[in-house]
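1. Quick one, structure for this:
(2 chains)
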Amino acid sequence: MDTQTLIYLFVGATFALYIGIAIWSRAGSTSEYYVASKGIHPIANGMATGADWMSAASFISMAGIIAFAGYDGSVYLMGWTGGYVLLAMCLAPYLRKFGKFTVPDFVGERYYSQTARVVAVICVIFISFTYVAGQMRGVGIVFSRYLEVDIATGVIIGMAIVFFYAVLGGMKGITYTQVAQYCVMMFAYMVPAIYISIMITGNPIPQLGFGSEVIGTGQSVIERLDGIGAELGFGAYTDGSKSTIDVFFITMALMVGTAGLPHVIVRFFTTPTVRDARKSAGYALFFIAILYTTAPAVAAFARTNLLNTVVDAQYEQVPEWLSTWENAGLIAWQDKNNDGVIQYGPGAPFVGNPTFTGERGVSGERLLSNAPTDAATELYVDRDIMVLANPEIAGLPGWVIALIAAGGLAAALSTAAGLLLVISTSVSHDLLKSNMAPNISEKNELLAARVAAGVAVAIAGLFGIYPPGFVAQVVAFAFGLAAASFFPVIVMGIFSKKMNKEGAIAGMLVGLTFTFSYIVFFKFISPELNTAEHWWLGVSPEGIGTLGMVFNFIAAVTVASFTKAPPEHIQHMIEDIRVPRGAGAAIDH
Amino acid sequence: MSLSKEDAARAYWRENLRFMMILLVIWFSVSFGAGILFVDLLNNIQFFGFPLGFWFAQQGAIYAFVVLIFVYVWKMNKLDRKYDLHEE
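-> Numbering: from 1, shown residues only, chains lettered A, B, ... in the order given. The predicted structure is shown next:
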């Protein structure tokens, strides 16, 4: 069978599996729809959380980003895993004991305020839409690269699948689909990683191969990258170019943002007990860590391979995979000095993304109409290629390529579905049931949730087909805003009995306004000023959520100390959520 | 256990907080400490083919996070039982 047939077969089979699971596990009540009746086993919940969490960006782009950023890429590795420690110890068990359905539920009840609940709902919807737009785009890209349909058709197929199992199955359907998607994506990620590790170092475990010797050179993978990189002018792989303070703030914002993201938090409402909620966080991080410790190894292997292949190579003699990906537009070569040899170094070879003229040059390369830059480098390499091209670089059979296509789709669809569920729950439960129409029947609430999910899928699809120019710019938003709003408010709600309504609202508003303004200023109003010397304290917009969080805490504590303490029943509620069983100290009063 | 329910809950909470702080100090040390603030210093040490600081930033911190959560789960289960606050 040729590769294309295999891709259709794999993608078709996984889609059939997801739909089958959705039909088997369709939801009949709001409790099933919102939190799967709190009946999910911690291991299943851990896998579902992993799939929910690892998006198309983690699966396809992260290793590529690290391959080009070296040490600087560590912010994503630590930032997107360390948040689970905070979740496990500061949030998950207590929110599970609280026992309702959503994050705005907690904020609204703990701070006895509809205003606080509405602010929380707006944040949830904004953060989730920002995030889901990127996922639908990812679905479209995978479809267009592997299935040879255009991006719009790809997005529509993806929308139809997500619509089917998110709308029908709710949290229950999504959870079991995500368990399947986790297995598909991990298998797809690990097979090429193990092969390529054996190929370069002879060690089958990528995490160990990462530190081993490159076969036949006497140097370790890292020493070679540091050495060749420095020769070509890239700087050492193990040294960063970001300032220490910026790395610190970005990592913190990503960690705290992870712990504050509503689609991650809500997963811990689905376990049967408090003990299971804690355990679930451990399994979730374990399942995520498998990919996150493999990714930097894949990054280093892919970079080694790339440098070995292209540096000072005669274009006519490069291996076939290079021209395959050149034909796909992810690699481009502009022979600036007409010597037929690839020169590769730091900087961009030409202005903008490659635009091919449709003609071939002297050496057989695709000609470009882009204006060349002053840099000596001649090669353009799309970061995503580091994962996508791995099977070909390693000379793996066609079914592995098909596996990568199915894995990329699993990663994008699972995250999109989790986000869409959070949006639909916010509308039907937090806006309608808890606010605008408290007398709504359960049947109508469930209907409202499904309609809201349908509308959200459609909007997300539109974002995917007509991506607003800002999609790539706004990922910082989702994490920054989650870090500056939810995390502090929830933590104070659990760990401080004195924190009151006024403090929490003031904190959220200060944190949000500050973070929002800083990002909007540098990303949209004055992007030309977005460089280290103009940043406040040297903190980039990606890391500013950390300061937003600090201001949130300060504002909340200050305001709370001047206003009256929360009512007694709220203080009892806090005592109650702090212990796993019973009503805690409150019961003796 | 001769404590009243109220005292038990209070003592449970104090032990929980102390234990959580210890784990969070380790959490901070392996990531922000070894992987960021002291990365250049630790990079002078070789560790299984890696400069140590770089290893913490791209591998070690993540392993430590997983272990931290499971240690927390195990200790909290014991604490729940000690104060008779565990779920059925």
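
2. For the residue lying closest to A:Thr415 once chain neighbours are set aside, give me its contacts.
-> Nearest residue to A:Thr415 in three dimensions, chain neighbours excluded: A:Ser55, at 4.1 Å (Cβ to Cβ, 6 or more residues apart in numbering or on different chains). From N, CA and C alone the C-beta is placed, and that goes for glycine too. Contacts for A:Ser55 (Cβ atoms under 8 Å, 6 or more residues apart in numbering or on different chains) come out as A:131, A:134-135, A:138, A:411-412, A:415.

3. Go again with 7 Å.
-> Counting by Cβ atoms under 7 Å, 6 or more residues apart in numbering or on different chains, A:Ser55 touches A:135, A:411-412, A:415.

4. swap in A:Gly209?
-> Here A:Gly209 is in contact with A:197, A:200-201, A:203, A:297 (criterion: Cβ under 7 Å, 6+ apart).

5. Among the residues you listed, which lie within helices?
-> A:197, A:200-201, A:297 (DSSP state H).

6. coming back round to it: now which of the contacts of A:Ser55 would you call buried?
-> Neighbour counting with 16 or more other Cβ atoms under 10 Å in any protein chain shown marks A:135, A:411-412, A:415 as buried within these.

7. With pLDDT added, can I get those residues in TSV?
-> Below are these laid out as TSV (pLDDT from 0 to 100):
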residue	pLDDT
A:Gln135	78
A:Ala411	88
A:Ala412	86
A:Thr415	88
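
8. So of these, which two are at opposite extremes in space?
-> A:Gln135 and A:Ala411 (8.7 Å; Cβ to Cβ).

9. Are there residues contacting both of these two? Which ones?
-> A:55-56.

10. Now do A:Gly584, the pLDDT please.
-> Note on A:Gly584: pLDDT of 44.

11. what do you get for the one 5 residues further on?
-> You'll see A:His589 listed with a pLDDT of 34.

12. can you check A:Ile342 too?
-> 90.

13. Any stretches of chain B with poor pLDDT?
-> B:1-3 (pLDDT under 70).

14. Up against chain A, what does it have?
-> By Cβ under 7 Å from any Cβ of the partner chain, the residues of chain B that approach chain A are B:4-6, B:9-10, B:12-13, B:20, B:23-24, B:27, B:31-32, B:35-37, B:43, B:48-51, B:54, B:57-59, B:61-62, B:65-66, B:68-70, B:72-73, B:76-77, B:80, B:85-87.

15. List buried residues within those.
-> Burial by neighbour count, judged by 16+ other Cβ under 10 Å, picks out B:5, B:9-10, B:12-13, B:20, B:23-24, B:27, B:31-32, B:35-37, B:43, B:49-51, B:54, B:57-59, B:61-62, B:65-66, B:68-70, B:72-73, B:76, B:80, B:85-86 from the residues of chain B next to chain A.

16. State which helix of chain B is the longest.
-> From DSSP H, the single longest helix across chain B is helix B:5-28.

17. ok so, going back, let me know the closest of the buried ones among the contacts of A:Ser55 to A:Lys38.
-> Distances from A:Lys38 to the buried ones among the contacts of A:Ser55, taken by Cβ to Cβ, are shortest for A:Thr415, at 22.4 Å.

18. For A:Asn390, list the residues it contacts.
-> Neighbours of A:Asn390 in contact, by Cβ under 7 Å, 6+ apart: A:192, A:196, A:298, A:302.

19. Remind me which helix or strand the residue of the stretch 1-150 of chain A found nearest chain B belongs to.
-> Relative to chain B, the nearest point of the stretch 1-150 of chain A is A:Ser74 (3.7 Å; Cβ to the nearest Cβ). Using DSSP states H and E, A:Ser74 sits in helix A:74-86.

20. and the helix or strand just after that helix, is it in reach of chain B?
-> Following helix A:74-86 in sequence order, the next helix or strand is helix A:92-98 (DSSP H and E). No. Helix A:92-98 lies out of reach of chain B by Cβ under 7 Å from any Cβ, never closer than 7.6 Å.

21. For the helix holding A:Ser74, output the C-alpha coordinates as PDB.
-> What follows is helix A:74-86, C-alpha atoms only, in PDB (Å, rounded to 0.1, in the frame of the first residue of the first chain):
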ATOM      1  CA  SER A  74      13.300  25.200  28.300                       C
ATOM      2  CA  VAL A  75      10.700  27.800  29.300                       C
ATOM      3  CA  TYR A  76       8.000  25.700  27.600                       C
ATOM      4  CA  LEU A  77       9.300  22.400  29.000                       C
ATOM      5  CA  MET A  78       9.300  23.500  32.600                       C
ATOM      6  CA  GLY A  79       6.400  26.000  32.200                       C
ATOM      7  CA  TRP A  80       4.000  23.500  30.800                       C
ATOM      8  CA  THR A  81       4.700  20.800  33.300                       C
ATOM      9  CA  GLY A  82       5.500  22.600  36.600                       C
ATOM     10  CA  GLY A  83       1.900  24.000  36.700                       C
ATOM     11  CA  TYR A  84       0.700  20.500  37.500                       C
ATOM     12  CA  VAL A  85       2.500  20.500  40.800                       C
ATOM     13  CA  LEU A  86       0.700  23.700  41.800                       C
END
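
22. orientation of it relative to helix B:5-28 in degrees?
-> Here helix A:74-86 runs at 170 degrees with respect to helix B:5-28, directions being taken by axes from the mean of the first three to the mean of the last three Cα atoms, to 10 degrees.

23. Regarding chain A, what is its longest strand?
-> The strand that spans the most residues within chain A, counting by DSSP state E, is strand A:356-360.

24. Identify the residues contacting the helix or strand following that strand?
-> Downstream of strand A:356-360, the next assigned helix or strand under DSSP H and E is strand A:366-368. Residues from elsewhere that reach strand A:366-368, judged by Cβ under 7 Å, 6+ apart: A:326, A:332, A:334, A:350, A:354-357, A:359-361.
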